[in-house]
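[1] The sequence and its predicted three-dimensional model are supplied below.
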Amino acid sequence: MSAYREAAGAPCPRCGAALVAVKSTEGVWTCADCGGVWTDVATSARVVQRLDRTLLEIGFSAGLGKERKQHDATPLSCPACEKPMHRTPIQSAACVVDACAAHGTWFDAGELEDVIRAFGKRKPGVMPPNAEPVVYQHDTTTYSPTAHFIGKVLYGMLEGAAEEAMRNR
């Protein structure tokens, strides 16, 4: 059994309730109590690569009627390995996601939709004229080389898309 499948039934990183696998989409689990969404590494990459309406709907449904969480400095624990996750600011989505480079990304209620929409606006070959530059910054209070990796991957994907868009203008 893969580490991703072990996340099903694992405690929610935010509230501790059991995560529930989304049957229609492999690699995605939700928390019915707080509205958060856990995505494995492959699904996390899909979030930043294209506007995925299925993931958008999952995020919307999970967070419907749930309160948006205010972030504090305490890192959340990965539901698969229970190690502290790296807090990754996504400036274009005005949120901070928690990521484990080995297992996936945690999105609090409303964050998955925000990130999908922010990255979805940057379609290959089309860069909005007033697009803000994406700046990757790691959280020095919880830095680890492994956790730092997923933030760099997310940043690199967006930076590559932005460079391609500039060449195609």
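    Yes, it's here.

[2] so where do the strands sit in this structure?
    Here the chain has its strands, by DSSP state E, at 20-21, 28-30, 37-40, 86-90, 95-100, 104-107.

[3] can I get the ones you listed in TSV with mean neighbour count?
    Every C-beta, even on glycine, is put in place using the N, C-alpha and C of the backbone. As requested, the strands of the chain are exported to TSV (neighbours: other C-beta atoms under 10 Å):
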stretch	mean neighbour count
strand 20-21	16
strand 28-30	26
strand 37-40	28
strand 86-90	23
strand 95-100	24
strand 104-107	29
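
[4] what about this structure, any weak spots by pLDDT?
    The model of the chain has pLDDT under 70 over residues 1-8, 71, 121-169.

[5] what about the helices in it?
    3-6, 41-49, 53-63, 111-120, 145-167 (DSSP state H).

[6] give me every residue that touches Ala18.
    Contact analysis of Ala18 by C-beta atoms under 8 Å, 6 or more residues apart in numbering lists 9-12.

[7] switch the cut-off to 6 Å
    Taking C-beta atoms under 6 Å, 6 or more residues apart in numbering, we find Ala18 in contact with Gly9.

[8] what's the spacing between it and Ala99?
    21 Å (C-beta to C-beta, to the nearest Å).

[9] Next, the residue nearest to Ala17 when sequence neighbours are not counted: phi, psi?
    Excluding the flanking residues, the one nearest Ala17 by C-beta to C-beta, 6 or more residues apart in numbering is Asp33, at 4.0 Å. Listed backbone geometry of Asp33 is phi -80, psi -50, with angles given as degrees, to the nearest 10.

[10] Can you report how many residues lie near Asp33?
    Other residues within reach of Asp33, judged by other C-beta atoms under 10 Å, total 13.

[11] Settle this for me: it is touching Val20, isn't it.
    No. Shown here, Asp33 and Val20 do not form a contact pair, counting by C-beta atoms under 6 Å, at 10.3 Å.
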